[in-house]
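[1] Give me coordinates for this.
(chains A and B)
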Protein chains: 2
Amino acid sequence: MAHFKLAFLGFGNVGQALAALLMRKRGELKERYNITYTVVGIATGRHGRIINPVGIDLTGALELVRTGHSLSLMTNTLMFNTVDFIHKCGADVLFENTPVNHQSGQPAIEHIQIALEHGMHAITANKGAVVYAYKELTELARSKGRKFLFESTVMDGAPIFSLFRFALPGARLASFRGILNSTTNLILTRMESGETFQDAVRFAQKAGLAETDPSADIDGWDAAIKVAALVTVLMGVPLKPPQVERNGIRAITEEMVKNAKAEGKRWKLVCSAERDRDTVRSRVAPELVSPGSPLFGVEGSSSVVEFKTDVLSSLSIVEGNPGPETTAYGLLADFLNAVRS
Amino acid sequence: MAHFKLAFLGFGNVGQALAALLMRKRGELKERYNITYTVVGIATGRHGRIINPVGIDLTGALELVRTGHSLSLMTNTLMFNTVDFIHKCGADVLFENTPVNHQSGQPAIEHIQIALEHGMHAITANKGAVVYAYKELTELARSKGRKFLFESTVMDGAPIFSLFRFALPGARLASFRGILNSTTNLILTRMESGETFQDAVRFAQKAGLAETDPSADIDGWDAAIKVAALVTVLMGVPLKPPQVERNGIRAITEEMVKNAKAEGKRWKLVCSAERDRDTVRSRVAPELVSPGSPLFGVEGSSSVVEFKTDVLSSLSIVEGNPGPETTAYGLLADFLNAVRS
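    Numbers count the residues shown, from 1 in each chain, chains lettered A, B, ... in the order given. From the prediction side, this is the model:
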């Protein structure tokens, strides 16, 4: 039986869903994997921070945060900042789930670096850390005999990075095409039922998918950062989000959506990348998709990516109905993969 | 650098494609995985058998078989039978690719058993061995510190079993739905363009997909054996092909295909299974599929399976344009997974 001390840095929807999932799977982890755990630290953005070496009561912590209280009610430790928290939490595994910084990946990169230097596995749903520091953090992890894993950064909990890491040995990725941004896909799907662009945006906001300022989704930045992550990790070519050719969906009118539908086609915000000798051409742009494509049937907040490799001419992964629970599963899978390998 | 001696039992389209793939990947296996290999044995159904402890010239062997000659031209060893071949080949890895026996899985099961007892990894594209002896062969492999792997038995080289083995830790499969037989899917797709059932069957035969007697495909037996393999391995519930409720596509008329098309739907031969307490309900049957389903867009000889698990509500894998090369890749992937783990 192996025991692991876990710490959460960031405790929003995804962190809370992970806490709930860990509690639900406690018995199964013990039976199937001989793994037990305690949570020794939780640092939130607005609800305080707590460290407890003998284990935090997760049910109590979730209850406090969900009702708007501070975790400091559970403890009498002194205040400390985020960096102190990582230094002092004493965990074996850090789940880094602070908000994404699309420009620099900070401060998540620093958090992960400190965790790895302290001999923790570092697991994140933060795309910024991957596109701005994949190579450095992976090398640091290797030098410490630890893992830096990030399955939940693209397509929530669907196993994209694990697929190539474990299940497709000897395959070389030549190109991919996909729908990786849920918000724009939902908006385009709603517009096909006759909704205006503005109403569709408001619907996506109410559904908790689009931010108050939805421009990161609508202008293709979220899609571009995911393309950069896939190219960097799966094609071995470092790529930053501004290097991805990028067009959002603002130019797609209700008229265009209607005309496409009449022709049996659909507008999709397509993410694509293709090797071109030693470099990669990458793009986020609205494209008219025909029924034969694996992208055609992917509606609402679902996502898809079609991979072309030298050994399998077309392999697609489709994820339906994602949510914080599926992102949380990607983090749990990374944890299990880190400690069982 | 690790060196492996390989033997091929069965050298039809798939075995030959694997030989070609191994030759193409020789440099990459060395550079990426520190793996070198020699082929020390090839046993064919109609072109003789050969064992050579210092390595068989694969280019020469492929040339002989493709031009209808016997491998005995390359050697002066005495004749031996298949079982002798396994005993004497001296390989580290046996690729078992003899024809499938839908009733008993023999003689493939015996071949694999002997190989494992001799301390070889056993890798097969033979579904019969999985549905009739998964548990026994897996336990035998474990007791010998070897692997029994069979990625190519379902959806050619697409990583279905590896996905659950490596990339979805802690996930419990609740149900699946898919299109797993290429021949019937191609026939139904051709019928949508107005072809008669008989003409579509002849087209599938010319394309090398359907056998001279196409009933194993058309009556759903091939689909049923794949369902049995998925349920046995991924759901942990042993299931034999006759236990799968089974209806083929003979009852699907051109009229029905036309009517479905007019409604924007499609007839598909759907494979499905669902947990029901400790048992599993499984079925192969023609179903009308709507555009929202991941199965709808899967045309021609492509295949798909949608998995529902307790942690990801819908994860689908789609494989486009399969062929002997993709099946060969599944065998190569199994080889790499067996020796690197």
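[2] pLDDT value on the residue in the stretch 1-150 of chain A positioned nearest to chain B, please?
    Proximity of the stretch 1-150 of chain A to chain B (CB to the nearest CB) peaks at A:K25, 6.0 Å away. Backbone N, C-alpha and C define where each C-beta goes, glycine included. pLDDT, A:K25: 97.
[3] and if you look at A:A210?
    83.
[4] now do A:V201
    96.
[5] Contact partners for it?
    A:187, A:210, A:214, A:218 (CB atoms under 8 Å, 6 or more residues apart in numbering or on different chains).
[6] I'd like to know which of the residues you listed is nearest to A:G48.
    A:A210 (28.6 Å; CB to CB).
[7] Surely A:L230 touches A:A273?
    Yes - using CB atoms under 8 Å, A:L230 is in contact with A:A273, at 6.9 Å.
[8] Looking at those two, which one has more neighbours?
    Between A:L230 and A:A273, A:L230 has the larger neighbour count (other CB atoms under 10 Å in any protein chain shown), namely 28 against 25.
[9] Pop out the phi and psi values for that one.
    Backbone torsions of A:L230, given as degrees, to the nearest 10, read phi -60, psi -40.
[10] hmm, back to that, for the residue of the stretch 1-150 of chain A closest to chain B, the count of nearby residues, please.
    21.
[11] Return the residues in contact with the spatially closest residue to it that is not a sequence neighbour.
    Spatial nearest neighbour of A:K25, chain neighbours left out: B:G170 (6.0 Å); criterion: CB to CB, 6 or more residues apart in numbering or on different chains. Counting by CB under 8 Å, 6+ apart, B:G170 touches A:25, A:28-29, A:32-33, A:329, A:332-333, A:336, B:311.
[12] Present the residues you listed as a markdown table; the columns should include secondary structure and distance to A:R266.
    Listed next are these as a markdown table, based on DSSP: H, G, I helix; E, B strand; the rest coil; distance: CB to CB, whole Å:
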| residue | secondary structure | distance to A:R266 |
| --- | --- | --- |
| A:K25 | coil | 38 |
| A:E28 | helix | 40 |
| A:L29 | helix | 41 |
| A:R32 | helix | 41 |
| A:Y33 | helix | 42 |
| A:Y329 | helix | 29 |
| A:L332 | helix | 34 |
| A:A333 | helix | 31 |
| A:L336 | helix | 37 |
| B:V311 | coil | 29 |
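[13] Return the entry from those with the maximum number of neighbours.
    A:Y329 (29 neighbours).
[14] you'd agree that one is up against B:D310?
    No - A:Y329 lies out of contact with B:D310 (CB under 8 Å); the separation is 9.0 Å.
[15] Need the overlap of contacts for those two.
    With CB under 8 Å, 6+ apart as the test, A:Y329 and B:D310 both reach B:A171.
[16] which residues are there in the stretch 51-200 of chain A that come within reach of chain B?
    A:157-159, A:162-163, A:165-172 (CB under 8 Å from any CB of the partner chain).
[17] Sitting in helices, which of these do you find?
    A:S162 (DSSP state H).
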